[in-house]
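[1] output the structure for:
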Amino acid sequence: MSQAEASTPALKPSALLAQSKYRFPGESPEYRAARNALLEAEIELRRHIERVAAQRRALPLGGPIPEDYRFESEHGPTTLSQMFGKHDTLVVYNWMFGPQRARPCPMCTSLLSAWDGETPDIEQRVALAIVGRAPIERLVAFKQERGWRHLRLYSSGGNHFNRDYAHEDPEQGDNPALNVFVRRGGEIRHFWAGEMGPETADPGQDPRGAPDLMPLWTVLDFTPGGRGTDWYPKLEYPVAG
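    Residues are numbered from 1 along each chain as shown. Next up, the predicted model:
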């Protein structure tokens, strides 16, 4: 037994924890039995998510960045190292809003709309940057249209960041990507990137990471209809009459 295993407290069996004390109006014994069985699975899922998170945190450092990429920010030129600000960790999301697009990707935009409200909380612990290849003026104009208040936007149109860390071919459009960088002893190193995509998707699934980044899908997964197979976010919806 390793030292880490020896110091980990023993967990109560999930079947024992899943004997819920809650009851709701009109529920049947069949419902409660099925709900407790689901609760046991949910407890095991939570534990597995934490095991995966711990394995992720234990990763060795990745490679050093090949250059201190220069971006255009809302306030002028900046570099990747400057994006860290006071933090030693930087999370970078590649927004699918390249110069060839008239409008940005609706899925990315849905995610970023949710993240905008979370940004002040996120940035208590790490720095967060949103990168797109369109000119910074177009990125900022859409931010204002959408009413985003907190996200920090950067144009990567003048560097190779998207090629290196989003595996983009500028002639073939743009890709979403999530990367984490760390600063250690004055050196910036890559730490983690999302690597789940079409090639890792199970049959009948849309490509997505785990845990899912989008609060939208998390909420819909609690419902009887789930996330469905024929609906995706849009940039605008008809106004109800």
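[2] could you list the buried residues of stretch 9-17?
    The neighbour-count criterion (16 or more other CB atoms under 10 Å) identifies residue 14 as the buried residues of stretch 9-17. Any C-beta I mention is one placed from the backbone N, CA and C, and that applies to glycine too.
[3] gap between that stretch and the chain center?
    Put simply, stretch 9-17 sits 30 Å off its chain's centre (CA atoms, centre = their mean, to the nearest Å).
[4] state the mean pLDDT of that stretch.
    When the per-residue pLDDT values of stretch 9-17 are averaged, the result is 83.
[5] what of stretch 212-224?
    89.
[6] and residue 131, which of the three is it?
    Secondary structure for residue 131, judged by DSSP: H, G, I helix; E, B strand; the rest coil, is strand.
[7] would you map out the domains in this structure?
    Structural domains annotated on the chain: 13-58, 70-193, as defined by automatic domain parsing.
[8] so which of those is the most surrounded?
    Each of the domains of the chain was assessed for mean neighbour count using mean count of other CB atoms under 10 Å. The highest is domain 70-193, with a mean of 17.
[9] what about it, start to end distance?
    Distances were taken as CA to CA, to the nearest Å; on that basis the terminal residues of domain 70-193 are 20 Å apart.
[10] element containing residue 115?
    helix 106-122 (DSSP states H and E).
[11] so where's the chain uncertain?
    The model of the chain has pLDDT under 70 over residues 1-8, 241.
[12] which strand or helix spans the residue nearest to the spatial centre of the chain?
    Centroid-nearest residue in the chain: residue 213, 3.6 Å away (criterion: CA atoms, centre = their mean). Here residue 213, judged by DSSP H and E, is contained in no helix and no strand.
[13] that one reaches residue 111, doesn't it?
    Yes: with contacts defined as CB atoms under 8 Å, residue 213 counts as touching residue 111 at a distance of 5.9 Å.
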